[in-house]
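Asks: Sequence plus the predicted model coming up.
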Amino acid sequence: MSAIPPPPPDVPPPPPSDAIPPPPSSTDIPPPPPPLDDSGPVLKKKVVGTKKKDPPKVEELLKKKFEADAAKAKVRFIPKAERERLAKEAKIKEEQDAKKRQEAAAKAPTNGASKPQAKPSNVPKEPASMRPREGKGRSNGKQQAAPKNTKDTKRTWEDLQEDMIKERYLGPDLSHSAFSANKKRKRTRDKFNFDWDANEDTTITNDPIYQNRTPSAIEIKRKEKADLSTQKFGKHWSAKRLEDMKERDWRIFKEDFDIQTKGGSIPDPMRNWQESTLPKQLMDVIDQVGYTDPTPIQRAAIPIALKSRDLIGVAVTGSGKTAAFLLPLLVYISNLPRLDSPEGDKEAGPYAIILAPTRELAQQIELEAKKFATPLKFTCVSIVGGHSIEEQAYRLRDGAEIVIATPGRLVDCIERRLLVLAQCCYIIMDEADRMIDLGFEDPVNRILDALPVQNEKPDTDDAESAAAMSSYLGGQHRYRQTMMYTATMPSAVERIARKYLRRPAIVTIGNVGEAVETVEQRVEFVSGEDRRKKRLNEILASRQYAPPIIVFVNIKRNCDAVARDVRHMGFSAVTLHGSKTQDQREAALASLRAGNTDVLVATDLAGRGIDVPNVSLVVNFNMAHNIESYTHRIGRTGRAGKSGIAITFLGPEDNEVMYDLKQMMMKSNISNVPEELRKHEASQQKPKGRQPNQKKDDGNGFLSGNKKW
């Protein structure tokens, strides 16, 4: 261990003892401070060895609360004697309280000059900001502090009344602040707080002053403007006479019935049957048949056809096209000699031929034509396949003014010399596009080439002149008139129209290719034959739809299978497809029309042109391969202005048609597109590889390609 170093030599020595000051005297020492009583907190001394108490646990508190609630909710039985005692005590207490109130009311002062009695001290007080104050004077609607109750500051009733009058008429005293920290703030988030009184609300709706007000200047001006408009444009077209109709009225009339016309020198449509130029005999037949108002295609096409104009008519299915071309036809041949008269020549053939794509449509046109032709003593004969050609030749032996035929059978009759067209001057092609689809382009051309050429119209402006085309060509012959009804215009139909029609007038009703507005379209995604049969059974068993009902399938084999299942469901059913004989087809349709059969199961053979009255429901058991066939299928219901329903079963195999189906349903005002179809991937865009068949107008009223009119 090292030695302690010596102190440095330069450190001064300590001062002598006499330099230290003496201690202060006892008199100079201040007294000690007094002991603390309540001037501050006193810390508790911690006792050694004591254990700190833990706070109660949440589980214990909840357990105590549940036990208290259970004890409180437990029903406690009170004996009858105890209940009577409690009731008696409550009654006595109530009587005592009533007696005390009466005594207090008797001791109350009779005037307002006395001071109110002080409240008992045991009654709890309200918050300070809501306590009443002695002074009743107000400043800006706010309560002021009550003055001291002394002789100098005591105010009389006259002073208070004077202050109230001043505040009412002179406004609040601005020398005093209206702010009060004790005033409770009102909640204005839930209810708007107006600054004015509720009696000043001006939003009263039942004010008699406003209910019985006189016409204002604005209303008078508006009425004058309406009167001027009426004087300028006149009445509605329905309230005008025919000679008072102006160009604007005809334009509104066409818009009301969705009539579109194209071509030169087109006459105005007819508003009703009485304004038509039909002869009286035909008008009587129309009344007998029960036609009240003409359909849009009849309003537009009949006046044009009566002017001897060639016509291309386009209208939705079930719109009355048959009568639209039959009535002008009967007027035309009425001016020609009868075949059974000395001037007539029944060996020269008929005056008119009507071509139809299917046997069923041809026979249907024959039934409709006989309604009008028989009263006028004209003969109508149908020539269709499925019947013996000798039988049909026998029916033609006495001549017929009108022949309704399918192209194939008519060509057979012409080639076998059973029929000639030497004096045929009126040609109607119904469902021309359908005939081309079925491969009848060549037979149609051969039939039209067999017509006489001496009465063919010139391809000049005279073809649009009614006077020139109505004249006779040396004796009893007249210019040939050709009419064509079609829904689309493929190139083959376009070639036929260019070759055989002269300056035709084109009439379009509505949006062609769209469903009839009277048909409600419904779509259900049901895949698999078994599930579809089960769903069909549910629809038929609901009894919501009255017979007749038509069920469409895509193949003939499936047609017979579905019909067999329908019979097992308890409904009568017949089938209609290409493998059936003509007699079987006619028997099936006759049974359905007569009401002897509930359900018709058919292929697309019955999709076009078949008119079965009062069809309430069409079920597409299999969706059609294209939207055109679908349109004609659902057109079997909702005909002649009646309403109908079409239900379609969709599956994965129908992706090619979903886009067009969705677009068609979206255009319908009474149909709703289901979400499954709306969001389906196949309905978002047209399938790849499809080219839109749209071409420009060539200037002559025709459209190239498969364009809808």
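Replies: Sure thing, it's come through. Since this is a predicted model, take the numbers as computed values, not measurements.
Asks: Quick check: can you name the pairing partners of the helix or strand harbouring residue 404 and their directions?
Replies: Using DSSP states H and E, residue 404 maps to strand 402-405. Strand 402-405 pairs in its sheet with strand 352-355 (parallel), strand 380-383 (parallel), by DSSP bridges.
Asks: closest to residue 57 out of these?
Replies: strand 352-355 (100.2 Å; Cβ to Cβ). C-betas here are computed from N, CA, C, even on glycine.
Asks: Just give me the neighbour total for residue 651.
Replies: Neighbours of residue 651 under the rule other Cβ atoms under 10 Å: 15.
Asks: contacting residues around it?
Replies: Neighbouring residues of residue 651 by Cβ atoms under 8 Å, 6 or more residues apart in numbering: 525, 526, 527, 528, 623.
Asks: Name the nearest residue to the third one, ignoring sequence neighbours.
Replies: Nearest residue to residue 527 in three dimensions, chain neighbours excluded: residue 651, at 4.1 Å (Cβ to Cβ, 6 or more residues apart in numbering).
Asks: do the same with residue 501
Replies: residue 310 (4.5 Å).
Asks: Other residues contacting stretch 539-554?
Replies: Under the criterion Cβ under 8 Å, 6+ apart, residues 536, 559, 562, 566, 569, 571, 592-593, 595, 597-604, 606-607, 612, 614-622, 624-625, 633, 636-637, 645, 647 lie in contact with stretch 539-554.
Asks: What residues of that stretch count as buried?
Replies: Buried residues in stretch 539-554, counted by 16 or more other Cβ atoms under 10 Å: 539, 540, 545, 547, 548, 549, 550, 551, 552, 553, 554.
Asks: quick one, phi/psi of the third one?
Replies: In this entry, residue 545 is assigned phi and psi values of phi -120, psi 130 (degrees, to the nearest 10).
Asks: and it, what pLDDT?
Replies: For residue 545, the pLDDT comes out at 90.
Asks: Roughly how far does it sit from residue 348?
Replies: To residue 348, residue 545 is 51 Å away according to Cβ to Cβ, to the nearest Å.
Asks: Surely residue 362 touches residue 405?
Replies: Yes. In this structure residue 362 lies within contact range of residue 405 using Cβ atoms under 8 Å: 6.4 Å.
Asks: Which one of those two is surrounded by more residues?
Replies: residue 405 (28 against 24).
Asks: what bridges to that one?
Replies: residue 355, residue 383.
Asks: Let me see the contact set for it.
Replies: Contacts of residue 405 by Cβ under 8 Å, 6+ apart are 353, 354, 355, 356, 362, 382, 383, 384, 413.
Asks: could I get these as JSON lines with distance to residue 167 and pLDDT?
Replies: Putting those into JSON lines (distance: Cβ to Cβ, whole Å; pLDDT from 0 to 100) gives the following:
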{"residue": "353", "distance to residue 167": "106", "pLDDT": "95"}
{"residue": "354", "distance to residue 167": "100", "pLDDT": "95"}
{"residue": "355", "distance to residue 167": "102", "pLDDT": "94"}
{"residue": "356", "distance to residue 167": "99", "pLDDT": "92"}
{"residue": "362", "distance to residue 167": "102", "pLDDT": "90"}
{"residue": "382", "distance to residue 167": "105", "pLDDT": "91"}
{"residue": "383", "distance to residue 167": "109", "pLDDT": "91"}
{"residue": "384", "distance to residue 167": "106", "pLDDT": "88"}
{"residue": "413", "distance to residue 167": "114", "pLDDT": "90"}
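Asks: residues near residue 538, how many?
Replies: Residue 538 is flanked by 10 other residues according to other Cβ under 10 Å.
Asks: Quick one: low-confidence residue ranges for the stretch 51-200 of the chain.
Replies: The model of the stretch 51-200 of the chain has pLDDT under 70 over residues 51-53, 108-154, 176-200.
Asks: how about the strands in it?
Replies: Using DSSP state E, counting those that start in this stretch, the strands found in the stretch 51-200 of the chain span residues 138-139, 142-143.
Asks: do you know how far the residue nearest to residue 527 is from residue 551?
Replies: Taking Cβ to Cβ, one finds residue 651 at 16 Å from residue 551.
Asks: Residue 571 too?
Replies: 10 Å.
Asks: Could you list the buried residues of stretch 622-629?
Replies: Buried, per 16+ other Cβ under 10 Å, within stretch 622-629: 622, 623, 624, 627, 628, 629.
Asks: How is this structure divided into domains?
Replies: As recorded under the TED database, the domains making up the chain are 244-509, 514-683.
Asks: Make JSON lines from these and add distance to residue 162 to it.
Replies: Shown next, in JSON lines, are the domains of the chain (distance: least, Cβ to Cβ, whole Å):
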{"stretch": "domain 244-509", "distance to residue 162": "78"}
{"stretch": "domain 514-683", "distance to residue 162": "76"}
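Asks: Looking at these, which is nearest to residue 57?
Replies: Closest to residue 57 of these, according to Cβ to Cβ: domain 514-683, at 55.5 Å.
Asks: So which of the buried residues of stretch 539-554 belong to strands?
Replies: Members of those lying in strands (criterion: DSSP state E): 549, 550, 551, 552.
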